[in-house]
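Trainee: Fold the following.
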Amino acid sequence: MDERLTRSNWIKHGLRTLASEGVGALKVGPMAAQLKVTRGSFYWHFRDIADFRAQVLQSWRERTTEQVIRDLEAMKAEPDRLKHLMRRAFISKRGLERAIRSWAAEDKRVAATVAAVDKRRVSYIADMLVATGVERQKALSRAAFLYWAYLGQPIVMARRHASIPPAELDEISALFEE
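Mentor: So this is what the prediction gives:
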């Protein structure tokens, strides 16, 4: 790897490391060795490991919540935004999501960020449902239920129940818009 890694390169590596090995693997020395650079490359971009971890967490929030919402907003005229979101969410790999939530279980600042992300996601799903004509209180309950399903799906052990075909996801999303 080139000695001139960018801050973004380090953060992407941090996200991959977090997803595959957990927060305990976010250590300067081992990450620098994996990237074949010196520790100085890390310290060129970050004050310390706490700064790096905070930026990794912010990147997770940006990529998995704010960017998804921007993508969906760009489809505002499309009537099937909920179907699109469900396909995107339920078919994606979620190792990073699990790792972030494990990290949140041991770090109050991370837990606060995760709670804010959860609130933002549920609120956005509810807004999507309201836009289809669902009454606000029902939309909030339905959005929370969909979100709980999203969070719980990765822990299902039986393979036949661990995934849902895209066409069935479309049928399920239609149930929530009625």
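Trainee: all contacts plus neighbour counts: C-alpha atoms, from now on.
Mentor: Fine.
Trainee: Could you point out the longest helix of this protein?
Mentor: The residue-count maximum for a helix in the chain (DSSP state H) belongs to helix 108-131.
Trainee: So for it, mean pLDDT?
Mentor: Averaging pLDDT along helix 108-131 yields 97.
Trainee: Run through the neighbouring helices and strands of it.
Mentor: Packed against helix 108-131 by the contact rule (3 or more CA pairs under 8 Å, 6 or more residues apart in numbering; DSSP states H and E) you find helix 81-91, helix 95-104, helix 136-152.
Trainee: List the buried residues of the first one.
Mentor: Read it as helix 81-91. Taking 16 or more other CA atoms under 10 Å as the neighbour-count basis, helix 81-91 is seen to contain the buried residues 81-87, 89-90.
Trainee: Tell me what angle it forms with helix 108-131.
Mentor: Helix 81-91 and helix 108-131 are oriented at 140 degrees to each other (axes from the mean of the first three to the mean of the last three CA atoms, to 10 degrees).
Trainee: Which strands or helices does helix 81-91 pack on?
Mentor: Counting by 3+ CA pairs under 8 Å, 6+ apart, the packing neighbours recorded for helix 81-91 are helix 108-131, helix 166-176.
Trainee: Make TSV out of these and add distance to residue 69 and mean neighbour count.
Mentor: Listed next are the helices and strands packed on helix 81-91 as TSV, based on distance: least, CA to CA, whole Å; neighbours: other CA atoms under 10 Å:
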stretch	distance to residue 69	mean neighbour count
helix 108-131	8	17
helix 166-176	17	14
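Trainee: Redo those helices as JSON lines? Include distance to residue 68.
Mentor: Putting those into JSON lines (distance: least, CA to CA, whole Å) gives the following:
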{"stretch": "helix 108-131", "distance to residue 68": "10"}
{"stretch": "helix 166-176", "distance to residue 68": "17"}
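Trainee: Tell me which helix or strand in the chain has the weakest average pLDDT.
Mentor: Between all helices and strands in the chain, the lowest mean by mean pLDDT, DSSP states H and E belongs to helix 159-162, at a mean of 70.
Trainee: what angle sits between the longest helix of the chain and helix 136-152?
Mentor: Angle of helix 108-131 versus helix 136-152, following the same axes, to 10 degrees, is 130 degrees.
Trainee: How about the secondary structure of the most centrally placed residue in the chain?
Mentor: Centrality entry for the chain: nearest residue to the mean C-alpha point is residue 64, 3.7 Å, by CA atoms, centre = their mean. Here residue 64 is recorded as helix under DSSP: H, G, I helix; E, B strand; the rest coil.
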